[in-house]
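Visitor: Quick one: sequence plus predicted model below, questions after.
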Amino acid sequence: MKTKLPEKIRVGGFDIKIKEFDSYAAESRQVNGEFSSLDLTMRIDVSMDIQKILDTFLHELFHAIYYVYGVKDVDNEERTVEGLATGTMQIYRDNPSFLRFVNEITEEMNGEVL
């Protein structure tokens with residue numbers, strides 16, 4: 001991957017640190033990434049295909065939204081989607097570098113390397 005992961009992303013009132021996940025550790029745990037609500041850190045295995053990296057980043061970001069916006073397992077579909085939509089809107093608004101990251105990585109996926 002030529003595009004570099006952002007160092008952090010703000011979700012609600014929290015700054016979530018973003019770190020590269022050691023590929024050996026990720027493989028041994030059988031995961032591509034993880035979000036920790038305890039230390040407010042997201043880890044992504046960047047040794048994967050670029051499409052999986054973006055997919056995993058978004059997956060872990062939705063875990064962060066789920067945590068920060070208080071979505072619960074018992075919430076119905078509308079409440080869950082509402083929390084994800086509001087959280088995503090806030091992330092786009094407060095993290096312009098995240099939108100640049102998504103644009104760069106999708107251009108890289110499409111062979112339009114900057």
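Guide: Yes, it's here. Numbers count the residues shown, from 1 in each chain.
Visitor: which parts of the helix or strand hosting residue 24 are buried?
Guide: The secondary structure element spanning residue 24 is helix 23-29 (assigned by DSSP states H and E). If you call a residue buried by 16 or more other C-beta atoms under 10 Å, then helix 23-29 has these buried ones: residue 26. No exception for glycine: its C-beta is placed from N, CA and C like everyone else's.
Visitor: what packs against the longest strand seen in the chain?
Guide: Across the chain, the strand with the greatest residue count (assigned by DSSP state E) is strand 14-20. Contact partners of strand 14-20 among helices and strands, from 3 or more C-beta pairs under 8 Å, 6 or more residues apart in numbering; DSSP states H and E: strand 8-11, strand 41-44, helix 50-68.
Visitor: again, only this time at 7 Å
Guide: Secondary-structure packing of strand 14-20 (3 or more C-beta pairs under 7 Å, 6 or more residues apart in numbering; DSSP states H and E): strand 8-11, strand 41-44.
Visitor: can you pull the contacts of the nearest residue to residue 68 once chain neighbours are set aside?
Guide: On the basis of C-beta to C-beta, 6 or more residues apart in numbering, the spatially nearest residue to residue 68 that is not a chain neighbour turns out to be residue 12, at 4.0 Å. With contact taken as C-beta atoms under 7 Å, 6 or more residues apart in numbering, residue 12 is in contact with 68-69, 90.
Visitor: Got a quick ChimeraX command for the buried subset of those?
Guide: One line in ChimeraX is enough to select the buried ones among the contacts of residue 12; burial here means 16+ other C-beta under 10 Å:
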select :68,69,90
